[in-house]
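> give me a model of this one.
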Amino acid sequence: MAKTNTTETIEALAAEIGENVYMDIAKWHLYLREAHLHTLLAERMYPMLLDNSLSEDKVMQILQDMPVRLGGGHREVPLADMLPMQSRVHLIDVLEEFQRKM
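Sure, this is the predicted structure:
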């Protein structure tokens, strides 16, 4: 039962991230749900929310450690490098609000 609850919680977090956080590519906003990165990011962020250790530094480290494949895998760029400041702020806001509701 707890696994189902955890899965549902991660899916809800992924939906929030996917709707609010985007990459900026040539001034085009590619939302993480469209890039299929929202669930992976939610899975990596969820433990911080669970143990109440959310911090901007930890979020940035996770973003830095998440490679985004470009050009069919010819190049990988950290997700942190693809998110503009406004999108990073949205991510932190989403995480803080989600944690408050948990």
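> all contacts plus neighbour counts: C-alpha atoms, from now on.
Will do.
> please enumerate the helices of this structure.
Using DSSP state H, the helices of the chain run over 2-20, 38-50, 56-64, 79-82, 85-101.
> save those helices as CSV, and put in mean neighbour count and mean pLDDT too.
As requested, the helices of the chain are arranged in CSV below (neighbours: other C-alpha atoms under 10 Å; pLDDT from 0 to 100):
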stretch, mean neighbour count, mean pLDDT
helix 2-20, 16, 91
helix 38-50, 18, 97
helix 56-64, 15, 98
helix 79-82, 18, 98
helix 85-101, 15, 97
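> out of those helices, which comes closest to Trp28?
helix 79-82 (11.2 Å; C-alpha to C-alpha).
> packing partners of the closest one?
strand 22-25, helix 56-64 (3 or more C-alpha pairs under 8 Å, 6 or more residues apart in numbering; DSSP states H and E).
> how about residues contacting it?
Residues from elsewhere that reach helix 79-82 (C-alpha atoms under 8 Å, 6 or more residues apart in numbering): 23-25, 60, 63-68.
> columns distance to Leu49 on top of these, output as TSV?
Output for these, formatted as TSV (distance: C-alpha to C-alpha, whole Å):
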residue	distance to Leu49
Met23	23
Asp24	26
Ile25	29
Met60	15
Leu63	16
Gln64	18
Asp65	18
Met66	18
Pro67	22
Val68	23
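> could you flag which of those are buried?
Those of these that meet the buried threshold are 23, 63, 66, 68, by 16 or more other C-alpha atoms under 10 Å.
> lovely, talk soon.
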